[in-house]
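# Got a predicted model here, sequence first, then my questions.
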Amino acid sequence: MIEVATSTILAAPTDRVWEIVRDFNGHDRWHPIVAESRIERGEPADRVGCVRRFVLQDGSELREQLLALSDLEQSFTYCLLDTPVPLFNYVATVRLLPVTDGDLTFALWRARFTTRPGDEAAMRRLVQEEVQMAGFRAIRAIVEGPGEG
């Protein structure tokens, strides 16, 4: 099992960041690799068990299922159901924690998965750089604004 964990500090309170990341159907509004997102069967985006279908910028598609959502802990967990890349048994959690010195947010995005032998380094890089780090950079641009942070 491979584990990839990426964390950052965002210059915004956790409630502000949670407004953005809580929407399980909202990645197309902030994540640079997601072109389109929709929840299947018209279910609410905060219903545990709902499935979102992404169309990525390159035209490929993937499906993810919401496994847990906690407003109290400001966290959600999801898994990949269908993906165009060799990520198997993929489960990820995004969690926000307050940094009280400055009213900042500590954000952690952790994923665990398996892949084909020989693909470990490429899939680790994909998850960490193109998913997690790119997502945090996009969120930072929204909550901190231009010229800040």
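In hand now; what should we look at? Values in this document were obtained by computation on a predicted structure and should not be read as measured data.

# contacts, neighbours, all on C-alpha from now
Fine.

# Now do the helix or strand where Glu36 lies: everything it contacts.
Assigned by DSSP states H and E, Glu36 belongs to strand 34-39. Surrounding strand 34-39, the residues in contact under the criterion C-alpha atoms under 8 Å, 6 or more residues apart in numbering are 25-28, 45, 50-57.

# Report the two of the residues you listed separated the most.
Farthest pair in the contacts of strand 34-39 (C-alpha to C-alpha) is Cys50 and Gln57. Separation: 22.5 Å.

# which among the contacts of strand 34-39 gets closest to Asp71?
Distance to Asp71, by C-alpha to C-alpha, is smallest for Ala45 among those, at 13.5 Å.

# picking up where we left off before, Cys50 and Gln57: which has the busier surroundings?
For Cys50 and Gln57, the more surrounded residue by other C-alpha atoms under 10 Å is Cys50, and the numbers stand at 20 against 13.

# Return the per-residue confidence for that one.
According to the predicted model, the pLDDT of Cys50 comes to 98.

# And it, its phi and psi?
As for Cys50, its main-chain torsions (degrees, to the nearest 10) stand at phi -70, psi 160.

# my guess is it meets Pro44, correct?
Yes. Using C-alpha atoms under 8 Å, Cys50 is in contact with Pro44, at 7.3 Å.

# dump the residue contacts of Met123.
Residues in contact with Met123, defined by C-alpha under 8 Å, 6+ apart, are Pro86, Leu87, Thr115.

# got a winner among these for most neighbours?
Of these, Leu87 is surrounded by the most neighbours, 21 neighbours in total, counting by other C-alpha under 10 Å.

# quick one: Asp82 from Thr6, how far?
Asp82 sits 23 Å away from Thr6, going by C-alpha to C-alpha, to the nearest Å.

# quick one: the strand or helix carrying Leu62 to strand 34-39, angle?
Of the helices and strands defined by DSSP H and E, Leu62 is found in strand 61-70. Relative orientation of strand 61-70 and strand 34-39, computed by axes from the mean of the first three to the mean of the last three C-alpha atoms, to 10 degrees: 60 degrees.

# Go through strand 61-70 and flag the buried ones.
Glu61, Leu62, Arg63, Glu64, Gln65, Leu66, Leu67, Leu69 (16 or more other C-alpha atoms under 10 Å).

# wouldn't the last one be in contact with Asp46 here?
Yes. With the criterion set as C-alpha under 8 Å, Leu69 and Asp46 qualify as a contacting pair; they are 7.2 Å apart.

# Having no further points to raise, I will conclude here.
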